[in-house]
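1. pasting the structure only:
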Ligand SMILES: [Zn+2]
Ligand SMILES: [Zn+2]
């Protein structure tokens with residue numbers, strides 16, 4: 001059977017029926033699809049899963065998650081591959097919605113009918129959290145020429161940096177003031 005790419009189902013039957021404190025660990029390698037406007041994966045996702053059973057809940061710890069996503073450089077608008085590296089992250093999956101928790105929507109639940117949990121949303125959130133603050137293809141990216149639009153990493157153009165007109169210079173009156 002082909003694995004679904006829009007869910008990441010883990011069977012927890014054995015763990016759930018075991019004593020509190022029981023642990024299951026495994027490595028994984030998965031292909032997942034996301035909304036391409038949000039995450040464009042360029043590789044499989046691999047990493048390590050640790051599940052811990054406690055009373056009424058399962059704690060999921062993912063570690064050493066690695067994948068490559070396609071991003072667009074903010075300076076030259078070229079697409080490039082960015083390495084996502086998630087050292088460790090943790091979520092709790094509950095058997096029922098906790099009382100008096102106002103934040104219902106953010107809560108992960110165990111599917112008690114099938115005794116499964118779905119790690120898809122957890123991984124989606126973590127990949128987005130690990131996007132760079134500023135997306136550039138390389139530190140030295142020269143970007144697009146603001147005048148002719150040429151990619152200055154690939155081609156030189158003859159445009160000159162626009163000169164700031166004398167009357168628009170922010171400190172033009174400063175000299176007068178400090179005289
Ligand atoms: Zn660039
Ligand atoms: Zn130019």
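-> Thanks, I have the structure now. If you're wondering where the values come from, they're calculated on a predicted model, not measured in any experiment. Ligands and ions are numbered 1, 2, ... in the order given.

2. who's in contact with residue 8?
-> When contacts are counted by C-beta atoms under 8 Å, 6 or more residues apart in numbering, residue 8 touches 30, 32, 118-120, 123. The C-beta positions use only the backbone N, C-alpha and C, and glycine is treated the same way.

3. filter those down to the ones in helices?
-> 120, 123 (DSSP state H).

4. taking the contacts of residue 8, tell me the two that lie furthest apart.
-> Taking every pair in the contacts of residue 8 and measuring C-beta to C-beta, the maximum separation is 12.1 Å, between 30 and 118.

5. ok, those two, which is more surrounded?
-> Comparing residue 30 with residue 118 by other C-beta atoms under 10 Å, the one with more neighbours is residue 118, at 18 against 15.

6. quick check: residue 74 touching residue 132?
-> No - contact criterion C-beta atoms under 8 Å: residue 74 and residue 132 do not qualify, at 9.7 Å.

7. can you give me the helices for this structure?
-> When assigned using DSSP H, the helices of the chain occupy the ranges 13-17, 120-129, 174-178.

8. buried set for the longest one?
-> Right, helix 120-129. 120, 122-124, 126-127 (16 or more other C-beta atoms under 10 Å).

9. repeat for stretch 30-47
-> Those would be 32, 34, 39-41, 45, 47, for stretch 30-47 by 16+ other C-beta under 10 Å.

10. cool, and stretch 143-158?
-> Under 16+ other C-beta under 10 Å, the buried positions of stretch 143-158 are 144-145, 151-153.

11. please list which of those residues are also close to ligand 2.
-> residue 145 (C-beta under 5 Å from the ion).

12. next up, phi/psi of residue 154, please.
-> Backbone dihedrals for residue 154, given as degrees, to the nearest 10, come out at phi -100, psi -30.
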